[in-house]
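Participant: Below is the structure, and that's it, no one-letter string:
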């Protein structure tokens with residue numbers, strides 16, 4: 001071995017000891033190396049008033065959970081981001097690099113040093129519970145008491161509001177009060193002329209219904225105009241699934257008018273089975289805009305209750321892993337903004353893409369490991385143009401075996417779309433397969449239109 005060989009070997013040993021070989025310091029500190037990762041990836045949820053069950057905003061809190069943090073980040077269980085970042089990218093995507101994961105592990109293994117105070121980045125946790133920002137208006141829902149009966153419960157809920165004047169709304173965000181039990185919320189907006197509904201703010205504010213009974217009871221909830229007519233409605237003004245917080249688009253895109261007197265209608269509000277006595281008090285965050293609508297948005301829903309059949313029909317045999325698909329050909333050029341894959345507890349994986357008329361593939365989303373608890377509305381970083389004549393295809397794999405830890409039935413039994421009241425049952429223990437696409441009509445240049453949210457008013 002010559003002198004150059006010894007020199008190279010020595011440099012390699014030094015790089016390994018310092019962690020330079022993989023960009024990870026030999027002895028990370030909380031203040032310099034761990035805190036910046038926590039503040040970026042973890043504390044949006046793990047903070048006082050956040051959606052997570054405990055806070056991680058300082059050294060002592062993080063040190064107590066260091067072993068768990070190292071474990072769940074290595075398994076990519078946390079931070080929760082089901083979408084495959086090697087397939088497509090979205091606004092606000094939240095995942096760790098291999099190097100960042102290694103920082104957590106090495107910090108735990110080397111004694112969890114706090115570090116110099118001057119290395120700690122400034123952090124001011126927001127006082128509101130939102131992924132969009134500080135809301136202009138907060139509307140609480142009527143509280144719901146849930147008894148431990150292990151049954152799904154469904155409500156239609158009225159959430160009335162009043163403003164000084166008509167205005168524009170750029171986003172509405174549903175925030176689950178009891179995230180463990182709120183399964184979903186589908187909300188429409190009713191617009192009234194001043195004085196058109198004298199009973200708008202009177203009780204009752206909610207009525208319990210059976211699964212699938214989705215027709216709003218206007219009479220019981222005092223939603224008709226005084227003359228008996230139905231008020232103007234904004235369909236699907238706000239929706240929620242497990243883990244979801246709100247979506248906001250750039251100024252004018254998807255903005256809609258809200259009148260001085262209005263009411264949101266949770267049609268429907270679904271709670272999963274409760275194993276204990278619990279209370280939920282969810283609420284809506286409203287974000288106003290000083291800019292009128294520039295382009296309207298609309299939805300296409302494939303699969304369950306949607307425009308396209310599921311092939312084969314969604315009946316999943318006990319002990320089987322089955323693949324189902326659904327497809328729909330569009331007849332106009334569209335620009336896709338947001339997509340939402342939706343399965344229940346038997347979901348294993350999800351894939352969606354479009355095939356253009358010339359045979360080219362447009363990637364939409366791939367989720368290799370489905371997680372029922374995190375069903376985001378994924379907004380693309382830039383609009384995705386899908387030309388007329390393209391076929392949108394979604395494929396889902398369902399695991400109805402006893403190896404699926406989320407299987408609600410032990411032993412497994414046949415599960416599928418149970419039809420109630422003309423639609424598919426939304427009970428968590430039944431199954432669904434949906435792919436919802438939010439879009440606007442295509443305009444030249446949309447491929448370069450950024451969908452990063454505009455914080456201006």
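Facilitator: The structure has been received and is ready for your questions. Quick caveat, the model's predicted, so the values are computed rather than measured. Residues are numbered from 1 along each chain as shown.
Participant: Strands of the stretch 151-300 of the chain, residue ranges please.
Facilitator: Taking DSSP state E, counting those that start in this stretch, the strands of the stretch 151-300 of the chain run over residues 153-162, 167-175, 182-192, 206-209, 232-240, 256-258, 261-271, 278-280, 283-289, 298-303.
Participant: who's in contact with residue 433?
Facilitator: Residues near residue 433 by Cβ atoms under 8 Å, 6 or more residues apart in numbering: 303, 304, 310, 314, 324, 326, 342, 343, 394, 396. In short, each C-beta sits where N, CA and C put it, glycine included.
Participant: Name the nearest residue to it, sequence neighbours excluded.
Facilitator: In this structure, residue 433 finds its nearest non-sequential neighbour in residue 303, 4.5 Å apart by Cβ to Cβ, 6 or more residues apart in numbering.
Participant: hang on, isn't that neighbour packed against residue 431?
Facilitator: No. Look at residue 303 against residue 431 with Cβ atoms under 8 Å: they stay out of range, at 10.9 Å.
Participant: ok, so what distance separates residue 70 from residue 56?
Facilitator: Residue 70 sits 13 Å away from residue 56, going by Cβ to Cβ, to the nearest Å.
Participant: Ok, residue 123 next?
Facilitator: Residue 123 is 11 Å from residue 56, by Cβ to Cβ.
Participant: which residues do those two both contact?
Facilitator: residue 43.
Participant: So those two - more neighbours on which side?
Facilitator: residue 56 (21 against 13; other Cβ atoms under 10 Å).
Participant: So for the closest residue to residue 274 other than its chain neighbours, what's the pLDDT?
Facilitator: Distances taken as Cβ to Cβ, 6+ apart place residue 146 nearest to residue 274, at 4.4 Å, with adjacent residues excluded. On pLDDT, residue 146 comes in at 85.
Participant: Show me the helices in the protein, by range?
Facilitator: Secondary structure of the chain by DSSP state H: the helices cover 3-18, 35-41, 59-64, 66-74, 98-109.
Participant: Show me what the shortest one is packed against.
Facilitator: Using 3 or more Cβ pairs under 8 Å, 6 or more residues apart in numbering; DSSP states H and E as the contact criterion, the neighbours of helix 59-64 among helices and strands are helix 35-41.
Participant: Quick one: mean pLDDT for the helix it packs on?
Facilitator: Mean predicted lDDT for helix 35-41 stands at 94.
Participant: so where's the protein uncertain?
Facilitator: Across the chain, the ranges flagged by pLDDT under 70 are 1-22, 210-217, 418-425, 454-457.
Participant: Can you give me the domain assignment for it?
Facilitator: Split into domains by automatic domain parsing, the chain comes to 3-119, 137-289, 298-448.
Participant: Would you format those as JSON lines with distance to residue 129 included?
Facilitator: As requested, those are exported to JSON lines (distance: least, Cβ to Cβ, whole Å):
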{"stretch": "domain 3-119", "distance to residue 129": "5"}
{"stretch": "domain 137-289", "distance to residue 129": "5"}
{"stretch": "domain 298-448", "distance to residue 129": "17"}
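Participant: count of neighbours near residue 150?
Facilitator: Other residues near residue 150 come to 10 when the count uses other Cβ under 10 Å.
Participant: same deal with the one 10 residues further on?
Facilitator: Summarising burial for residue 160: neighbours were counted as other Cβ under 10 Å, giving 21.
Participant: For it, which non-adjacent residue is spatially closest?
Facilitator: The nearest residue in space to residue 160 (Cβ to Cβ, 6+ apart) is residue 263, at 4.3 Å.
Participant: contacting residues for that neighbour?
Facilitator: Per Cβ under 8 Å, 6+ apart, neighbours of residue 263: 158, 159, 160, 161, 189, 190, 192, 200, 223.
Participant: Is it possible to get JSON lines of the strands of the stretch 151-300 of the chain that adds distance to residue 133?
Facilitator: Compiled in JSON lines, the strands of the stretch 151-300 of the chain are given as follows (distance: least, Cβ to Cβ, whole Å):
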{"stretch": "strand 153-162", "distance to residue 133": "19"}
{"stretch": "strand 167-175", "distance to residue 133": "9"}
{"stretch": "strand 182-192", "distance to residue 133": "20"}
{"stretch": "strand 206-209", "distance to residue 133": "29"}
{"stretch": "strand 232-240", "distance to residue 133": "16"}
{"stretch": "strand 256-258", "distance to residue 133": "18"}
{"stretch": "strand 261-271", "distance to residue 133": "20"}
{"stretch": "strand 278-280", "distance to residue 133": "24"}
{"stretch": "strand 283-289", "distance to residue 133": "7"}
{"stretch": "strand 298-303", "distance to residue 133": "24"}
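Participant: May I have the beta-bridge partners of residue 366?
Facilitator: residue 351 (DSSP bridges).
Participant: Can you name the residues that contact it?
Facilitator: Per Cβ under 8 Å, 6+ apart, neighbours of residue 366: 83, 84, 87, 88, 350, 351, 352.
Participant: so who does the closest residue to residue 131 other than its chain neighbours touch?
Facilitator: Nearest non-adjacent residue to residue 131, counting by Cβ to Cβ, 6+ apart: residue 245, 3.8 Å away. By Cβ under 8 Å, 6+ apart, residue 245 lies in contact with 51, 130, 131, 132, 173, 175.
Participant: Next one: residue 245 relative to residue 436, how far apart?
Facilitator: As defined by Cβ to Cβ, residue 245 lies at a distance of 17 Å from residue 436.
Participant: go on, residue 146?
Facilitator: From residue 146 over to residue 436 the distance is 27 Å, taken as Cβ to Cβ.
Participant: Equivalent analysis for residue 412, please.
Facilitator: Residue 412 is 28 Å from residue 436, by Cβ to Cβ.
Participant: Next: residue 382.
Facilitator: Residue 382 sits 20 Å away from residue 436, going by Cβ to Cβ.
Participant: For these two, indicate the residue with more neighbours.
Facilitator: Counted by other Cβ under 10 Å, residue 382 and residue 436 do not tie: residue 436 has more neighbours, with 19 against 16.
Participant: Skip the chain neighbours and tell me the closest residue to the more buried one.
Facilitator: Counting by Cβ to Cβ, 6+ apart, the residue nearest residue 436 is residue 340, at 4.3 Å.
Participant: number of nearby residues for that neighbour?
Facilitator: 21.
Participant: Then residue 117?
Facilitator: 7.
Participant: quick one: contacts for it?
Facilitator: Per Cβ under 8 Å, 6+ apart, neighbours of residue 117: residue 31.
Participant: With the one 4 residues further on instead?
Facilitator: Applying Cβ under 8 Å, 6+ apart to residue 121 gives the contacts 35, 36, 39.
Participant: Most neighbours among those residues, which one?
Facilitator: The most neighbours of any of the contacts of residue 121, using other Cβ under 10 Å, belong to residue 35, which has 23 neighbours.
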